[in-house]
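Colleague: Whatever this is, show me its structure:
(chains A and B)
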There are 2 protein chains.
Amino acid sequence: MSGKTTIIDSISALRGQVAQWRKQDLRVGFVPTMGFLHQGHLSLIHKAKAHTDRVIVSIFVNPTQFAPGEDLDCYPRDLEGDHEKVQQAGGDVIFFPSVEDMYPKDAQTFVEVKEVTKPLCGSSRPIHFRGVATIVTKLFNIVTPDLAVFGKKDFQQLVTIQRMVADLHMDIEILGGDIIREEDGLALSSRNVYLSPEERTQANCLNRALRLVRQQFASGNIDSIELVSAAKKLIQEQPLGQLDYAELRDANTLLQVGSEEVNRTAIGTDRLFLAVHFGKTRLIDNAPLEGPCSLDTIE
Amino acid sequence: MSGKTTIIDSISALRGQVAQWRKQDLRVGFVPTMGFLHQGHLSLIHKAKAHTDRVIVSIFVNPTQFAPGEDLDCYPRDLEGDHEKVQQAGGDVIFFPSVEDMYPKDAQTFVEVKEVTKPLCGSSRPIHFRGVATIVTKLFNIVTPDLAVFGKKDFQQLVTIQRMVADLHMDIEILGGDIIREEDGLALSSRNVYLSPEERTQANCLNRALRLVRQQFASGNIDSIELVSAAKKLIQEQPLGQLDYAELRDANTLLQVGSEEVNRTAIGTDRLFLAVHFGKTRLIDNAPLEGPCSLDTIE
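Modeller: Alright, predicted model coming up:
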């Protein structure tokens, strides 16, 4: 049985709780989320719990990472359901601050990570990662965790945070959590609820494209343009899917390895990144060309 | 008698020292500098010492706050002399990291404070405050001080850091230290060594302009354009001085109060900001229109 999960909405109360744990020499883990939690989030909580003594889960739909016209206003929310799930996953505290507290009047400070945020999702969402880096810095400064866990589905976000933590000398260990999937391979996402039944059926094309490319690489195809083309072809066969990007990139620098313009010999640690629109819903997924990954992990 | 001041050049050793002090429940004060210390810096150390149990002084000439063509390469340095001064002022540790340690390979993360860094020095030094905010964030994350002291001579820097700390929820108290001056009123600066004897003689025009404007305000002149003009006129009478800016601004927001274009009734908390070139040397100074300030403080 897990203990009771407390909801804390004030910054000073959260600082007080952490200070109390520190006095007991307890290690603090942190899982920042936007709420509407699914098994993917819960697996991050389990991972944080396995490495620390106390786990704080933040729920904050961060306005500065949404551009005008994106789904900020209709982003799904369910604090009551989230509370139950965090409790079951063994999280000790939900930090649920207000927008007014997180963004003081006249707030004008931003954290920007430059190179790794330019391609992929940064290209179609130009202010997104600045918003992410800024809110994560604020949360880190409030929570002061020893360790934080970010899901690998937003792999570019994970790389951005790792880069930021190293560059700014934040004394926090960053772990990546495996992607959790539904039975047909679709990566769990709070945004999957937007999909129509027909879109939902076709949405597993991202998973199938990742599998296909891994198979081709395993069979000896190391031509990065060919590998990317195979992924694009599979996705473009879905009538309801609209490809945003399919790119092969170095997993650390996110520099491009394969595209129409770039072609170097693919290596196993390179990662294929996919983004596909289904109606108004944008789905992302990624996997390395080789080695362990979570394409088969299901809820 | 003060204790011995230790020089620490490694980040991990510095963290270890601070962790040891924390275990003894000691409060840690911090004075970030670029070295070549003068009485102005030492007064900041005294101020930090008065509010905390241990004081760390960093000496780091930060490359990212200098633009190409500025005086990075010839910025004056004197670690041995600085060590002696910090020791006499009662500083416990000098943190003296390398550029390579402060800026890891591929570093690409910047902290930007937007509005307050645009006018004044930000206008003639466009990347300066981004470099300052970034290095101070790094240093704060390493030193994790309870309190930090910044001099009021770089008043825009002080406002920038206060804004950044509030916006990013850094749990650090920021204090401003009074400007310390030479006998004729010139504000102490590491860059004063660049001045020729003739330039040095005329360099006290900044102080005289500040005094003049305060006198005019005290005599009932609340016309912001007239006050600014009086300062400009006095400075432009110096044959070797080249005015960069003379502006009256709100002390918190740094919004403009007086210029050729802007005119609102001046109030006592408004601040006059001056920057004047003498040859290659750029001098700055500032004072509120009313109330206590350090125009008469001499070394």
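
Colleague: Now A:Gln242: closest residue in space, sequence neighbours ignored.
Modeller: Closest residue in space to A:Gln242, ignoring its immediate chain neighbours: A:His277 at 4.1 Å, by C-beta to C-beta, 6 or more residues apart in numbering or on different chains. Every residue, glycine included, has its C-beta placed from N, CA and C.

Colleague: how about the residues of the stretch 51-200 of chain A near chain B?
Modeller: For the stretch 51-200 of chain A, the residues in contact with chain B (C-beta under 8 Å from any C-beta of the partner chain) are A:102-104, A:106-116, A:133-134, A:137-138, A:141-142, A:144, A:163-164, A:166-171.

Colleague: now the helices for the stretch 101-250 of chain A?
Modeller: A:121-124, A:128-143, A:155-167, A:197-202, A:205-218, A:224-236 (DSSP state H, counting those that start in this stretch).

Colleague: I'd like the next helix or strand past the helix-or-strand element of chain A with minimal mean pLDDT.
Modeller: None of the helices or strands of chain A scores lower by mean pLDDT, DSSP states H and E than strand A:256-258, at a mean of 87. Next helix or strand after strand A:256-258 toward the C-terminus (DSSP states H and E): strand A:271-278.

Colleague: Let me know the average pLDDT across stretch A:289-299.
Modeller: Mean pLDDT, stretch A:289-299: 74.

Colleague: For A:His41, which non-adjacent residue is spatially closest?
Modeller: Per C-beta to C-beta, 6+ apart, closest to A:His41 is A:Thr33, 5.3 Å.

Colleague: and the one you found, bridged to which residues?
Modeller: A:Ile59 (DSSP bridges).

Colleague: ok, of the residues of the stretch 51-200 of chain A next to chain B, which come out buried?
Modeller: With burial judged by 16 or more other C-beta atoms under 10 Å in any protein chain shown, the buried subset of those is A:102-103, A:107-113, A:116, A:133-134, A:137-138, A:141-142, A:144, A:163-164, A:166-170.

Colleague: which stretches of chain A aren't confidently modelled?
Modeller: A:1-2, A:296-299 (pLDDT under 70).

Colleague: Who's the closest spatial neighbour of the residue of the stretch 151-299 of chain A found nearest chain B, skipping the chain neighbours?
Modeller: Here the stretch 151-299 of chain A gets closest to chain B at one residue, A:Asp167, 3.6 Å apart by C-beta to the nearest C-beta. Leaving aside its sequence neighbours, A:Asp167 sits nearest to B:Thr109 (C-beta to C-beta, 6+ apart; 3.6 Å).

Colleague: hang on, that neighbour packs against A:Ala133?
Modeller: Yes: using C-beta atoms under 8 Å, B:Thr109 is in contact with A:Ala133, at 7.4 Å.

Colleague: Find residues that contact each of these two.
Modeller: Here B:Thr109 and A:Ala133 have A:Val111, A:Glu112, A:Val113, A:Met164 as joint contacts, going by C-beta atoms under 8 Å, 6 or more residues apart in numbering or on different chains.

Colleague: Tell me who's in contact with the residue lying closest to A:Ala266 once chain neighbours are set aside.
Modeller: Using C-beta to C-beta, 6+ apart and skipping residues adjacent in sequence, the residue nearest A:Ala266 is A:Ser224, 4.5 Å away. The neighbours of A:Ser224, taking C-beta under 8 Å, 6+ apart as the test, are A:Leu248, A:Val257, A:Gly258, A:Ser259, A:Val262, A:Asn263, A:Arg264, A:Thr265, A:Ala266, A:Asp270.

Colleague: Out of those residues, give me the two with the largest separation.
Modeller: Using C-beta to C-beta, the pair of those lying farthest apart is A:Ser259 and A:Thr265, separated by 14.3 Å.

Colleague: that older thread, any chance of CSV for the contacts of A:Ser224, columns neighbour count and distance to B:Leu37?
Modeller: Formatted as CSV, these follow (neighbours: other C-beta atoms under 10 Å in any protein chain shown; distance: C-beta to C-beta, whole Å):
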residue, neighbour count, distance to B:Leu37
A:Leu248, 25, 52
A:Val257, 24, 50
A:Gly258, 25, 54
A:Ser259, 17, 53
A:Val262, 15, 51
A:Asn263, 16, 55
A:Arg264, 16, 51
A:Thr265, 10, 55
A:Ala266, 24, 55
A:Asp270, 22, 50
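
Colleague: so the residue nearest to A:Gln242 makes contact with A:Tyr245?
Modeller: No: using C-beta under 8 Å, A:His277 makes no contact with A:Tyr245, being 10.7 Å away.

Colleague: Report the secondary structure state of the closest residue to A:Asp178 other than its chain neighbours.
Modeller: Nearest residue to A:Asp178 in three dimensions, chain neighbours excluded: A:Ser294, at 4.0 Å (C-beta to C-beta, 6+ apart). Assigned by DSSP: H, G, I helix; E, B strand; the rest coil, the conformation of A:Ser294 is coil.

Colleague: Let me know how buried A:Leu26 is, in neighbour terms.
Modeller: Residues lying near A:Leu26 (other C-beta atoms under 10 Å in any protein chain shown) number 14.

Colleague: Next, the contact list for it, please.
Modeller: Contacts of A:Leu26 by C-beta under 8 Å, 6+ apart are A:Thr52, A:Asp53, A:Arg54.

Colleague: Counting neighbours, which of these end up buried?
Modeller: A:Thr52, A:Arg54.

Colleague: Mind checking which of the contacts of A:Leu26 are in helices?
Modeller: Counting by DSSP state H, the contacts of A:Leu26 place none of their members in helices.

Colleague: where do the strands sit along the stretch 1-150 of chain A?
Modeller: Assigned by DSSP state E, counting those that start in this stretch, the strands in the stretch 1-150 of chain A fall at A:6-8, A:28-33, A:54-59, A:93-95, A:109-113, A:147-151.

Colleague: Per the annotation, how does chain A divide into domains?
Modeller: Here the domain assignment for chain A is A:6-177, A:190-288, based on automatic domain parsing.

Colleague: measure the last one end to end?
Modeller: Terminal residues of domain A:190-288 lie 23 Å apart, using C-alpha to C-alpha, to the nearest Å.

Colleague: again with the first one
Modeller: Using C-alpha to C-alpha, the end-to-end distance of domain A:6-177 comes out at 24 Å.

Colleague: and that domain, how far out from the chain's middle?
Modeller: 10 Å (C-alpha atoms, centre = their mean, to the nearest Å).

Colleague: Excluding sequence neighbours, find me the nearest residue to the most centrally placed residue in chain A.
Modeller: Residue closest to the mean C-alpha point of chain A, counted by C-alpha atoms, centre = their mean, is A:Asp154 at 3.1 Å. Counting by C-beta to C-beta, 6+ apart, A:Asp154 lies nearest to A:Ile284, which is 7.1 Å off, once chain neighbours are set aside.

Colleague: Validate this expectation: the one you found resides in a strand.
Modeller: Yes: with three-state DSSP as the criterion, A:Ile284 is located in a strand.

Colleague: residues near it, how many?
Modeller: A count of nearby residues for A:Ile284, using other C-beta under 10 Å, gives 21.
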